[in-house]
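J.: The sequence and its predicted three-dimensional model are supplied below.
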Amino acid sequence: MSENRKYYYLKLKDNYFDDDVVVLLENMQDGILYSNILLKLYLKSLKNGGKLQLDENIPYTAQMIATITRHQVGTVEKAIQIFMQLGLVEPLDNGALYMSNIELLIGKSSTEGEQED
């Protein structure tokens, strides 16, 4: 019998890029980069319920985020500042970042649920 795997996915509504916050973000200098970083952070946080952490004990730093998103550290640091101002990201007590409203964007399925009868 095959192994049952869980899959997490990001659900974006067809008007995601028309949301006022996303429009404002993309119209900033380097806004398209920030938008790209935001989507990558949403995806990276899916398995952890919206928390940006390497594991239970290690929160991602700006340098780590820059590495995994393939953006410059300065761009990531500025993006995180903007995300906080816009309410897209919240700092947690352990130093990790939490992607606000992630629960509205998360979908889950399993290979077991996808099998045909």
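T.: That came in fine, so what should we check first? Numbers count the residues shown, from 1 in each chain.

J.: Secondary structure element holding the residue nearest in space to the middle of the chain?
T.: Nearest to the geometric centre of the chain sits Tyr42, at 1.4 Å (Cα atoms, centre = their mean). Here Tyr42, judged by DSSP states H and E, is contained in helix 31-45.

J.: what residues does the next helix or strand after that helix touch?
T.: Per DSSP H and E, the first helix or strand lying C-terminal to helix 31-45 is strand 51-52. Contact with strand 51-52 is made by 41, 44-45, 59-60, 65, 92, 96-99, as judged by Cβ atoms under 8 Å, 6 or more residues apart in numbering. From N, CA and C alone the C-beta is placed, and that goes for glycine too.

J.: likewise stretch 79-88?
T.: Counting by Cβ under 8 Å, 6+ apart, 21, 24-25, 28, 33-34, 37-38, 41, 62, 65, 71, 89-91, 97, 99-101 sit against stretch 79-88.

J.: and if we set it to 10 Å?
T.: Identification of contacts with stretch 79-88 by Cβ atoms under 10 Å, 6 or more residues apart in numbering yields 20-22, 24-25, 28, 30-31, 33-38, 41-42, 52, 62, 65-66, 69, 71, 89-91, 97, 99-102.

J.: what does the average pLDDT come to for it?
T.: Averaged across stretch 79-88, the pLDDT comes to 96.

J.: Repeat that for stretch 20-38.
T.: On average, stretch 20-38 scores 96.

J.: How about residues contacting that stretch?
T.: Here stretch 20-38 makes contact (Cβ under 10 Å, 6+ apart) with 15-17, 19, 39, 65-66, 69-72, 74-76, 78-80, 82-83, 86-89, 99, 101.

J.: same question, stretch 55-72
T.: With Cβ under 10 Å, 6+ apart, stretch 55-72 has contacts from 30, 33-34, 36-41, 43-45, 48, 51-54, 73-80, 91-92, 94-97.

J.: can you give me the helices in this protein?
T.: All helices of the chain, identified by DSSP state H, fall at 20-26, 31-45, 62-69, 73-85, 111-114.
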